[in-house]
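K.L.:
predicted model and sequence follow; I will ask about them next.
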Amino acid sequence: MGKGRGMTITKQKTIKRLVSVLAAALALFTFIERAEAQQILLTGPLAGAPAVRKLRLHRKGRLEFAPAVSFTLLDEYQRTILVGAKLNYAFTDWLSFGAWGAFGAAHLPTHLTEQVQGVNASRRATPGESLDKDLTAVNLGPDFKKQLGTMDWVVAPQLTAVPFRGKLALFQSIYLDTDLYFFGGPAFVGLNERKNCEQCNGVFTMATRTAIAPTFGLGFNFYINKWAAIGFEYRGLPFSWNTGGFDTAGGGKDKKFPDNKITNDDRQFAFNQLLTLSFNVYLPFQYKVSE
Amino acid sequence: MKSSPIGLLVAVALGIFPAQSWAQAKAGKVTVAGKAAAAKDSKGVIDADASGDAAASAGTDAAPAAGDTPAAGDTAGDTGEETGETPTGSGLEDICKIDPAACPNLDMDKEAARPLKEQIFAVQQAYALRVRRFELQAGWSVSMNDQFVGHPAPVLALNYYITNVLAIGVNGAYYAPFNVDKDFNAQVRRAARVAVPLTEYQWGAALNFTYVPAYGKFAGFGDFIFHYDAYVVGGVGALSVRPIPVIDPDNRNFAFEPKLAFNAGIGLRIFFNRWFAAVLEVRDYVFNDKLENLSTSTVPAKAQDKSTWYGETSLTNNVQAQFGAAIFLPFSFDYRLPK
């Protein structure tokens, strides 16, 4: 009996101690949680202060003119270097409207194109008929490089939003104002690609057309003084086009097989990507400063 | 028995104490005490607003007085609170009455006009120190320059920061189940009757050095601030690769072989707090790839001879973009200097 009472007391003690420890732990946990929240509740002279003061408004009310060079990425047959410019007017420091325009200044064939043309040339140099020649008669002309689809020009009106403004310390000795922006809009793309044909054996004429596609991306600006900045930009420009001038689709089940014709079905969807390097000039030369 | 109520009392006290802090006025409302402190700068009390302005006008315009350095903000707030509770002005007057020689005799306008020679850093007190901390990175990697075979992979990396800007570490990626032979390859083979040698990867691992030359901060929507840094990374390791049989898939079955691979890249880390960050990295792994032989024999015995399967070698760039997260350990650290 006595032993049983003693055990009961011990149990009670243990439970009370356990409850105490749990309560203390809970309180400590609560304390930590609230203490963290306390940090942002500023009182005193800093209360209500904006996150950023005396902000240099590099964009607000200014015209941005940015000569730019763009490089296409992940090209199958041909890389394009586009030279152009961007013109924007910023209504506020975080929103501007303008356009980017560029033309295809250089078209550089990829290694694949060199390989295909190498095989094509040796095949054509071999006299007589062959299965390879017959099967590629619709797809390969005398010079493969001349039948490739090319991006000749692009004009893209676009809205630019600048949600992030900041600064960068480089080697603790160079300090730059920066911003990160997002843009989007429609793009008008001038293409030169293989012309549609019904009887296509030996016919490798080209035709121009204008594709309309969405364009969007993001970029960084690094301001080097009051009126100039260096910009890096990534742009997506997805649309369908016939990059190789091949008869790829149009026949068979779901039109996924060749039909010996060049048609709109042969245009394959491509998520075209570009990297742009620009030198931005802002007018007027003097920026405003926020409160 | 007695210890239990004491523990409960302590727990309740701890619970109540922060609750009082919660009840303070929310940011945006200046308390009377705070106003008093702000107004008292002419009597030797530091005006946090003024110091913030000084920092801003000294070329750190984007440096916020409040959101940037919570410690500074807290201090300023505390100062305001404490000063406000003390009857201001009477202290100085009392001193002057008791000992006129000890009475401060400063021309405050003149003192205020003196140029501040305080050293101002463009980025005050780096948000997250890296020195003597481990960085564990985990993410997903995708190939940026291979139009023919996609090489996505999960990646892991572990770095140790010897200094605040220099780290040594290892990384690894596992590609084997994720290689994607794209439809484009079959379309080219069908249209041009030209086969392009393809390569798939199994795994990659490297020993790397990381250097962090740049760091900064962004204000998002003019409302909140986040910090970031940019780094360059380079190293040496191995990439296990093999050709995908395209020319003679009936007879050829390649085994994975590790190749010496050098890598170099750049990365960007965006800190959500002092130990957790998002990571974006682009890295080029360069290795000497042995490609499939473009010709095969019509004699079965010769076609099955492994010594005839490999063709030319090619210096290959495998550019990978990595998206992931980084965790710094230990979670906390101490600044060497107060600012």
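P.N.:
Right, received. Where do you want to start? Numbering: from 1, shown residues only, chains lettered A, B, ... in the order given.
K.L.:
so where is the stretch 51-200 of chain A shaky, pLDDT-wise?
P.N.:
The model of the stretch 51-200 of chain A has pLDDT under 70 over residues A:51.
K.L.:
90 - rerun?
P.N.:
Judged by pLDDT under 90, the stretch 51-200 of chain A has its weakly predicted residues at A:51-61, A:73-74, A:76, A:92-94, A:111, A:123-124, A:126-135, A:137, A:164-176, A:199-200.
K.L.:
how about the residues of it near chain B?
P.N.:
Counting by CB under 8 Å from any CB of the partner chain, the residues of the stretch 51-200 of chain A close to chain B are A:51-56, A:73-76, A:94, A:110, A:112, A:115-116, A:119-120, A:132, A:135-136, A:139-140, A:144, A:163-171, A:175, A:177-178, A:180. Every C-beta, even on glycine, is put in place using the N, C-alpha and C of the backbone.
K.L.:
buried subset of those as a PyMOL selection?
P.N.:
Only the buried entries of these go into this PyMOL selection, using 16 or more other CB atoms under 10 Å in any protein chain shown:
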select buried, chain A and resi 51+52+53+54+55+56+73+74+75+76+94+110+112+115+116+119+120+132+136+139+140+144+163+164+165+166+167+168+169+175+177+178+180
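K.L.:
out of the residues of the stretch 51-200 of chain A next to chain B, list just those in helices.
P.N.:
A:Leu112, A:Gln115, A:Val116, A:Val119, A:Asn120, A:Asp132, A:Leu135 (DSSP state H).
K.L.:
check contacts around the second one.
P.N.:
Residues in contact with A:Gln115 (CB atoms under 8 Å, 6 or more residues apart in numbering or on different chains) are B:Val194, B:Val196.
K.L.:
ok, now the first one?
P.N.:
By CB under 8 Å, 6+ apart, A:Leu112 lies in contact with A:Glu76, A:Tyr77, B:Gln147, B:Val188, B:Val196.
K.L.:
same thing with the fourth one?
P.N.:
When the contact criterion is CB under 8 Å, 6+ apart, the partners of A:Val119 are B:Ala192, B:Arg193, B:Val194.
K.L.:
again with B:Ile266
P.N.:
B:Ala230, B:Tyr231, B:Val232, B:Val233, B:Glu281, B:Val282, B:Arg283 are the contacts of B:Ile266 under CB under 8 Å, 6+ apart.
K.L.:
which strand or helix spans the third one?
P.N.:
With the criterion set as DSSP states H and E, the secondary-structure element containing B:Val232 is strand B:224-244.
K.L.:
what helices or strands is that strand leaning on?
P.N.:
strand B:198-220, strand B:257-271, strand B:276-292 (3 or more CB pairs under 8 Å, 6 or more residues apart in numbering or on different chains; DSSP states H and E).
K.L.:
now the shortest one and strand B:198-220, what's the angle there?
P.N.:
With axes from the mean of the first three to the mean of the last three CA atoms, to 10 degrees as the basis, strand B:257-271 and strand B:198-220 are set at 10 degrees to each other.
K.L.:
give me the buried positions along strand B:257-271.
P.N.:
B:Lys259, B:Ala261, B:Asn263, B:Gly265, B:Gly267, B:Leu268, B:Arg269, B:Phe271.
K.L.:
run through the bridge partners of the last one.
P.N.:
Which is B:Phe271. Per DSSP bridges, the residues bridged to B:Phe271 are B:His227, B:Ala277.
K.L.:
near chain A, which residues of the stretch 151-300 of chain B?
P.N.:
When proximity is defined as CB under 8 Å from any CB, the stretch 151-300 of chain B approaches chain A at B:184, B:187-188, B:190-194, B:196, B:213-225, B:228, B:230.
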